[in-house]
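Quick one, what's the 3D model for this:
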Amino acid sequence: MRFLSPILQTLLAIAAVAAVGWIAFAAAGINAHPRDLTTAAAIALAAAVAGLAPLWLTIGTDQLAAAQAGLVATTAHLFVAAGLAGAVYLMKVVPVGPAFAYWLLAMYAATLVVVAASAVKGVRLARPAAAAPVAGPAAGARQGT
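Have a look, this model is predicted:
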């Protein structure tokens, strides 16, 4: 999936998790809870977009900025997913059951892989950082006195 954009990779990851889960539930004769599934998918998509935003902002920078953006991206992904899931549970925006947590966990993991892989790709494609000058113990001292 190297040639696909990160948003398309995210959509495919969410669709793959939903399809595999739905088929597994159908094979076992268990209700797949479609409302929980779609709510978890929407939260995972929003979290992935929030996680990819810092990576887009650092396109064309050096590897140091790209690495920092990768850390911020995974943190943003986590906090947006947790915040939206908490809002769904506490504010009862959408009535969800216990299956929501399992759907969200699977979709969070799948979209985290996409965000982390995009961060690694961003660091690899970024230009190398300029070497900082090394200051030795006598760098500021006067010579010969």
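
Spatially central residue for the chain, please.
When Cα atoms, centre = their mean is applied to the chain, the residue found nearest the centroid is Val115 (3.6 Å).

hang on, it packs against Thr74?
Yes. Counting by Cβ atoms under 8 Å, Thr74 is a contact partner of Val115 at 6.1 Å. C-beta coordinates here come from the backbone N, C-alpha and C atoms, glycine included.

which residues does the residue nearest to the centre of the chain contact?
By Cβ atoms under 8 Å, 6 or more residues apart in numbering, the contact set of Val115 is 6, 48, 51-52, 55, 73-74, 77.

mind putting the residues you listed in a markdown table, distance to Ala67, pLDDT and neighbour count included?
As requested, the contacts of Val115 are exported to a markdown table (distance: Cβ to Cβ, whole Å; pLDDT from 0 to 100; neighbours: other Cβ atoms under 10 Å):
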| residue | distance to Ala67 | pLDDT | neighbour count |
| --- | --- | --- | --- |
| Pro6 | 17 | 90 | 22 |
| Ala48 | 19 | 97 | 30 |
| Gly51 | 15 | 96 | 29 |
| Leu52 | 16 | 95 | 25 |
| Leu55 | 11 | 94 | 21 |
| Ala73 | 10 | 97 | 26 |
| Thr74 | 11 | 97 | 16 |
| His77 | 16 | 98 | 27 |
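
just for the chain, where's the confidence low?
1-3, 136-145 (pLDDT under 70).

Determine the longest helix present in it.
Counting residues, the longest helix found in the chain (DSSP state H) is helix 63-91.

All the helices of the protein, residue numbers only.
According to DSSP H, the helices that the chain contains are 6-28, 34-57, 63-91, 99-125.

In CSV, list those helices along with distance to Val134.
CSV is the format used below for the helices of the chain (distance: least, Cβ to Cβ, whole Å):
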stretch, distance to Val134
helix 6-28, 37
helix 34-57, 30
helix 63-91, 17
helix 99-125, 24
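
now for those, which one comes closest to Ala135?
Closest of the helices of the chain to Ala135 is helix 63-91, at 18.6 Å (criterion: Cβ to Cβ).

Please identify the buried residues of that closest one?
For helix 63-91, a neighbour-count test (16 or more other Cβ atoms under 10 Å) marks 63, 65-67, 69-70, 72-74, 76-78, 80-81, 84-85, 88 as buried.
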